[in-house]
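Chemist: Here you go, sequence then predicted model.
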Amino acid sequence: MADVDALGSWAVADELLERAIDRGVIPGAAARVGVRDTVVWQFVGGQALTHGGTPRPMTGDTWFDLASLTKVMVTLPSVLILAQEGELTFSDTVRHFFADWDARWDQVTLQHLLTHTGGLAPFRPYHETLQGSDALLWAISREPWEAAPGSVVTYSDLGYIILGAIVERVAGMSLAAFVKERVFNPLGIREADYNPSQDVRGRCAATEVINGQALVGVVHDENARAMGGVAGHAGLFATLDAVSRYAMLWAGGSSPVLGETVRRAATRCYTAPLRGQRGWGWALRYDSYDVGGDFWPATGAGHTGFTGTSLQFDPVTGIWAVLLTNRVHYGRATNINPLRRALHNVVMSVLG
């Protein structure tokens, strides 16, 4: 790691996370900060599991349920790769890929889905009555819109479930196989996957405790679970090293996966006249989902995951920050957005 701790400010970052653990805000955390391909700070502390199973500490190789980071670590790069190769365009409509869906889907484009402007509901509890990807997709196809496509930003799991299915139809393979072959392997990411194997499950941070038993290595998102664990909106598990390597893709220079022009286009705002600041997949600065804090550059972007994860980066300065926690182990009501923003403030006070 590079030594940029001349003023001792990284000690402030350590204390911030240690305090959150001591006060019961989060069970544990693994975090990294870097500039392009150089790691400048790392923290690992607290517990991977405290109740609902055998307690064990957080370690540097703990796997986390990334929740909605799946949207930007799996679905987004997969769609971008297919667009790079001329297999699809973002003006293509949903019905272009699902010919048996109602004609109204001619009004919803991939651009709408990528920017959360498709008019779709944020979430529906399909898992309560349905099982399997085909069943959930058919239910989504019958779902009434909450707004006219292109009229407002409404963060939606449903849109990314559709995008994940489109990747599979165009690529002719599962979403899990495609992202591993075309994204993770070229980036040297070895510890990221859907449905962790039995030997990996013992290294996973516990999420919610249900009926006295902690979920460990089983996806927390119920709809993703109903889809067999592989979905475009949630389901990916990964280590701190894996997420950090992916962050470097967006904060770095050349890449074997996505060209610089494509990456810059993804962090452009496409929703300025609407209620939200959205690029393709990413929440941009000053969006309602932005957790960049007070000092993160205006050119930055990021994303969060419901289980307690986040990834923030700036393509201009090359600064990135990854925070992985298992905050839902203490219940869904815990809000860690203040912690995320505070950490990003510390990061920029050192590096900005």
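Modeler: Arrived safely. Numbers count the residues shown, from 1 in each chain.
Chemist: wait, doesn't residue 127 sit right on residue 220?
Modeler: No - contact criterion Cβ atoms under 8 Å: residue 127 and residue 220 do not qualify, at 11.7 Å. For the C-beta atoms, the positions are set from N, CA and C on the backbone; glycine is no exception.
Chemist: where do the helices sit along the stretch 1-150 of the chain?
Modeler: Using DSSP state H, counting those that start in this stretch, the helices of the stretch 1-150 of the chain run over 9-22, 69-70, 76-84, 94-97, 110-114, 133-141.
Chemist: Is it possible to get a markdown table of those helices that adds mean neighbour count and distance to residue 285?
Modeler: Compiled in a markdown table, the helices of the stretch 1-150 of the chain are given as follows (neighbours: other Cβ atoms under 10 Å; distance: least, Cβ to Cβ, whole Å):
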| stretch | mean neighbour count | distance to residue 285 |
| --- | --- | --- |
| helix 9-22 | 17 | 21 |
| helix 69-70 | 28 | 18 |
| helix 76-84 | 21 | 18 |
| helix 94-97 | 20 | 29 |
| helix 110-114 | 24 | 18 |
| helix 133-141 | 17 | 30 |
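Chemist: Now distance to residue 175 too, for these, in a markdown table please.
Modeler: Formatted as a markdown table, the helices of the stretch 1-150 of the chain follow (distance: least, Cβ to Cβ, whole Å):
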| stretch | distance to residue 175 |
| --- | --- |
| helix 9-22 | 32 |
| helix 69-70 | 9 |
| helix 76-84 | 7 |
| helix 94-97 | 14 |
| helix 110-114 | 15 |
| helix 133-141 | 10 |
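Chemist: To residue 302, which of the ones you listed lies closest?
Modeler: Counting by Cβ to Cβ, residue 302 lies closest to helix 69-70 out of those; the figure is 9.9 Å.
Chemist: elements contacting the closest one?
Modeler: Judged by 3 or more Cβ pairs under 8 Å, 6 or more residues apart in numbering; DSSP states H and E, helix 69-70 is in contact with strand 301-305, strand 309-313.
Chemist: now that helix, how far from the centre of its chain.
Modeler: Distance, stretch centre to chain centre, for helix 69-70: 2 Å (Cα atoms, centre = their mean, to the nearest Å).
Chemist: Right, I'll leave it there.
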